[in-house]
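Q: give me coordinates for this.
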Amino acid sequence: MEKFNTTKKSKLAAAAIIAGVFFAPGLVSAGAGHGHEGGGHMESSKQGEHMNKEQKMTHVMGNGRINKVMAKGHMVNISHEPISELNWPKMRMNFKTSDKVNLGELKPGQKVQFKLQVDQDNNYLINEIHIVK
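A: Here you go, the predicted structure:
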């Protein structure tokens, strides 16, 4: 009987260890809500603390260079400078754009300034893009 109890305790201990590995605090990270090409970042669940909890959305400005325009998916690929409000380093990313953005004006190589809408679930959408001359 003692052997059975030891085996049962061992199985319970193993289950607790496995649960601790999968659910340990700080190991869960939030999804970015966007795709990226050639570099990116992982965001902690604390990303977005700059937003007031009652605020539904915020807007941040970014600067970068157009790499690719994907009109069919209403997306652009931009190599952007660091965006301090989001704790993002300089990187290359795909961004969805709103229907208001005229993608026909954009060409690879153009320097741009863009207005990025960020919602409470860390989804990103470019609402405005201005070509920098």
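Q: measure Val101 to Lys90 for me?
A: Val101 sits 22 Å away from Lys90, going by Cβ to Cβ, to the nearest Å. Every residue, glycine included, has its C-beta placed from N, CA and C.
Q: please name the bridge partners of Phe114.
A: Taking DSSP bridges as the rule, Phe114 bridges to Gly62, Ile129.
Q: er, Tyr124 I mean
A: Assessed by DSSP bridges, Tyr124 has beta-bridge partners Val118.
Q: my guess is it contacts Lys115. True?
A: No - with contact defined as Cβ atoms under 8 Å, Tyr124 does not count as touching Lys115 (11.1 Å).
Q: now for the strand or helix carrying Thr58, which elements pack on it?
A: In the assignment (DSSP states H and E), Thr58 maps to strand 57-70. Applying 3 or more Cβ pairs under 8 Å, 6 or more residues apart in numbering; DSSP states H and E, one finds that strand 57-70 contacts strand 75-80, strand 111-119.
Q: ok, Ile83 - contacts?
A: Taking Cβ atoms under 8 Å, 6 or more residues apart in numbering, we find Ile83 in contact with Val60, Gly62, Leu116.
Q: just the buried members of those residues?
A: Among the contacts of Ile83, those buried by neighbour count (16 or more other Cβ atoms under 10 Å) are Val60, Gly62, Leu116.
Q: residues near Thr97, how many?
A: Thr97 has 22 neighbours, counted by other Cβ atoms under 10 Å.
Q: any idea which of the helices and strands packed on strand 57-70 is most buried?
A: Compared across those, strand 75-80 shows the largest average neighbour count, a mean of 20 (mean count of other Cβ atoms under 10 Å).
Q: rewinding a little: what residues does the strand holding Thr58 touch?
A: 37, 50-51, 76-81, 83, 85-86, 92, 94, 103, 106-120, 127, 132.
Q: now the angle from that strand to strand 111-119?
A: 130 degrees (axes from the mean of the first three to the mean of the last three Cα atoms, to 10 degrees).
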